[in-house]
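> fold the following, please.
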Amino acid sequence: MAGVAIVLQSVAFSKNNMITLYRHSDHLGFMLQLASKSAAGQHPWL
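Residues are numbered from 1 along each chain as shown. Predicted coordinates for the structure are as follows:
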C-alpha cells in the first residue's frame, strides 16, 4: 500500500506544479524562446 500512497502524493504534487507552471507560463515561454535561440546559434543578450 506504500506504493499507492507515493503515487497519490506525486499526483497531488504534480497538480500543484501544474498550477505553478500555469502561473509562470509566460516566463517559461520566454526562457524556452531564449534557449531555442541560443541553441540555434543566436544570442539575443549580446
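
> V7 and D26, how far apart?
31 Å (Cβ to Cβ, to the nearest Å). For the C-beta atoms, the positions are set from N, CA and C on the backbone; glycine is no exception.

> now do the contacts for D26.
Contacts for D26 were tallied using Cβ atoms under 8 Å, 6 or more residues apart in numbering; there are none.

> in three-state terms, how would G41 be classified?
The local conformation at G41, judged by DSSP: H, G, I helix; E, B strand; the rest coil, is coil.

> mind checking how far it is from L8?
G41 is 45 Å from L8, where distance means Cβ to Cβ.

> quick one: which of these two has more around it?
L8 (10 against 6; other Cβ atoms under 10 Å).

> name the element the more buried one belongs to?
helix 2-23 (DSSP states H and E).

> tabulate the CA atom coordinates of that helix in PDB.
Output in PDB follows, covering the C-alpha atoms of helix 2-23 (Å, rounded to 0.1, in the frame of the first residue of the first chain):
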ATOM      1  CA  ALA A   2       3.000   2.300   0.400                       C
ATOM      2  CA  GLY A   3       3.300   2.400  -3.400                       C
ATOM      3  CA  VAL A   4      -0.300   3.700  -3.700                       C
ATOM      4  CA  ALA A   5       0.400   6.400  -1.200                       C
ATOM      5  CA  ILE A   6       3.500   7.500  -3.100                       C
ATOM      6  CA  VAL A   7       1.500   7.600  -6.300                       C
ATOM      7  CA  LEU A   8      -1.200   9.700  -4.700                       C
ATOM      8  CA  GLN A   9       1.300  12.100  -3.200                       C
ATOM      9  CA  SER A  10       3.100  12.500  -6.600                       C
ATOM     10  CA  VAL A  11      -0.300  13.200  -8.300                       C
ATOM     11  CA  ALA A  12      -1.100  15.900  -5.800                       C
ATOM     12  CA  PHE A  13       2.400  17.300  -6.200                       C
ATOM     13  CA  SER A  14       2.100  17.300  -9.900                       C
ATOM     14  CA  LYS A  15      -1.300  19.100  -9.700                       C
ATOM     15  CA  ASN A  16       0.400  21.900  -7.600                       C
ATOM     16  CA  ASN A  17       3.200  22.100 -10.000                       C
ATOM     17  CA  MET A  18       0.900  22.400 -12.900                       C
ATOM     18  CA  ILE A  19      -0.900  25.400 -11.200                       C
ATOM     19  CA  THR A  20       2.500  27.000 -10.600                       C
ATOM     20  CA  LEU A  21       3.700  26.300 -14.100                       C
ATOM     21  CA  TYR A  22       0.400  27.900 -15.400                       C
ATOM     22  CA  ARG A  23       1.100  31.000 -13.400                       C
END
